[in-house]
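>>> What follows is a predicted structure for the sequence shown.
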Amino acid sequence: MTPDERLDQLEPLLSEAMAILDRHTAQLKQHTGLLTHITSVVGQQSDNIVFLLREQAEMKAKQTEMQQQLSDVQTQVSDVQAQVSDVQTSMGSKLDLILTKLGS
């Protein structure tokens, strides 16, 4: 076989191999673009999750603070009720004393 005949046999094989490589390169570029997009979306989702977790922590802190304030208000209401009861008892005994003095 002459060198030209060998070259004639190799040219179609090399051409086909180069075409396959070109297709694979194009597919890899598509996958790279897709991976870049996916990475961007995952980054955005991560930021969203961090934001939501931060907001949830703040809401829990506010809820705890509000529960403490509610507990304080309940304690104050109990104190006021006790004072009202004391005033009513005192008023009742004083009224009885006044009625007794008026009746004598």
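Now that the structure is in, tell me what you want to look at. Residues are numbered from 1 along each chain as shown.
>>> list the helices and strands the helix or strand that contains S85 packs on?
Secondary structure from DSSP states H and E places S85 in helix 3-103. Helices and strands touching helix 3-103, by 3 or more CB pairs under 8 Å, 6 or more residues apart in numbering; DSSP states H and E: there are none. All C-beta spots, glycine's among them, are computed from the backbone N, C-alpha and C.
>>> how far does it sit from the chain's center?
Here helix 3-103 shows a centroid-to-chain-centroid distance of 1 Å under the convention CA atoms, centre = their mean, to the nearest Å.
>>> pLDDT of that helix, averaged?
Average pLDDT, helix 3-103: 93.
>>> Point to the residue nearest the middle of this protein.
Central residue of the chain (CA atoms, centre = their mean): L52, 2.0 Å from the mean position.
>>> Any figure for the gap between that one and T89?
Distance from L52 to T89, counting by CB to CB, to the nearest Å: 55 Å.
>>> likewise A17?
Taking CB to CB as the measure, A17 falls 106 Å from T89.
>>> next one: L53
Taken as CB to CB, the span from L53 to T89 is 54 Å.
>>> And Q68, by the same measure?
For Q68, the distance to T89 - CB to CB - is 32 Å.
>>> Equivalent analysis for E11, please.
In this view, E11 and T89 are 116 Å apart by CB to CB.
>>> and if you look at L7?
Distance, L7 to T89, by CB to CB: 120 Å.
>>> what's around A57, how many residues?
10 (other CB atoms under 10 Å).
>>> try the one 3 residues further on
The criterion is other CB under 10 Å. On that basis, K60 has 10 neighbouring residues.
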